[in-house]
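> Would you be able to build a 3D model of this:
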Amino acid sequence: MNKQEGTPSEGIANYGFHARALRIGRNITLDQLAAQTGLSKGHLSRFERGQKSLSVAALIRLAAALDTSVSSLLGETLDEDALHVVRRRDRKMHRAPVEDGGYLYTMLSRPSENRAVSAFLVEIAAEAERPSEGHHSGEEIFLVLSGEVEIRIADRVVILGEGDYLQFPGRLTHVIKGREAMSRVFVVVIGG
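As a prediction, the model looks like this:
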């Protein structure tokens, strides 16, 4: 500690961002966390921004309120839900309705009601096309893993081949169409 109590010393890692990420991921407000830990909202806010530190007793209360351990809060160990791995053998492909292109897809991102990132693996047959135009908030990312696809975005057509990457605002209407026997595309929607 510096001479001023509660102020982190230079060179000591800031663990407040871990607490903030856990708090937000668990949909807990600063007010709720303050009530659960007995710490002031202001002190917690400054801790999350790296401007204040917490005592061991306060870290224990904070970890309990966030349903984690102190070692996880400090970045020394991982909570069970910190990593999300989807093995190839465990992926389940779903077929979109024929009227929506009949493509195959599987969700790769973790299940969550308030997902900030959604990741999919999409398989599109030649000439298969999603006839309705998609649009949503956030950003959309396409990375072609194999094959070739055509993506119409507003008044533009972009042809993507294996290894090609495209990112655009999801608010733009877009339609994807397969150009080879089978194309595989990694699709990520951020903030949608």
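
> Excluding sequence neighbours, find me the nearest residue to R152.
Among residues not flanking R152 along the chain, V175 sits closest, at 4.6 Å (C-beta to C-beta, 6 or more residues apart in numbering). Placement of C-beta: from N, CA and C, glycine included.

> pretty sure the one you found contacts A128?
No - applying C-beta atoms under 8 Å, one finds V175 not in contact with A128, separated by 11.2 Å.

> Tell me which stretches of the chain form strands.
In the chain, the strands defined using DSSP state E lie at 94-95, 104-107, 117-125, 139-146, 148-153, 156-161, 165-169, 174-178, 182-190.

> Can you tell me which of the ones you listed is most buried?
Mean neighbours per residue, mean count of other C-beta atoms under 10 Å, is largest over the strands of the chain for strand 174-178, with a mean of 21.

> Kindly export that strand (C-alpha atoms) in CSV.
This file holds the C-alpha atoms of strand 174-178, laid out as CSV (Å, rounded to 0.1, in the frame of the first residue of the first chain):
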residue,chain,number,x,y,z
HIS,A,174,-27.3,-8.6,-45.7
VAL,A,175,-27.9,-11.9,-47.6
ILE,A,176,-25.4,-14.8,-47.8
LYS,A,177,-25.2,-17.2,-50.7
GLY,A,178,-23.1,-20.3,-51.2
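
> now it, how far from the chain's geometric center?
24 Å (C-alpha atoms, centre = their mean, to the nearest Å).

> relative to strand 139-146, how tilted is that strand?
If you take axes from the mean of the first three to the mean of the last three C-alpha atoms, to 10 degrees, strand 174-178 sits at 10 degrees to strand 139-146.

> list the contacts for the spatially closest residue to I124 that is not a sequence neighbour?
Among residues not flanking I124 along the chain, G178 sits closest, at 3.6 Å (C-beta to C-beta, 6+ apart). By C-beta atoms under 8 Å, 6 or more residues apart in numbering, the contact set of G178 is 103, 124-129, 147-150.

> show me what contacts the closest residue in space to V70 that isn't next to it in sequence?
Distances taken as C-beta to C-beta, 6+ apart place A63 nearest to V70, at 4.6 Å, with adjacent residues excluded. Going by C-beta under 8 Å, 6+ apart, A63 touches 69-70, 72-73.
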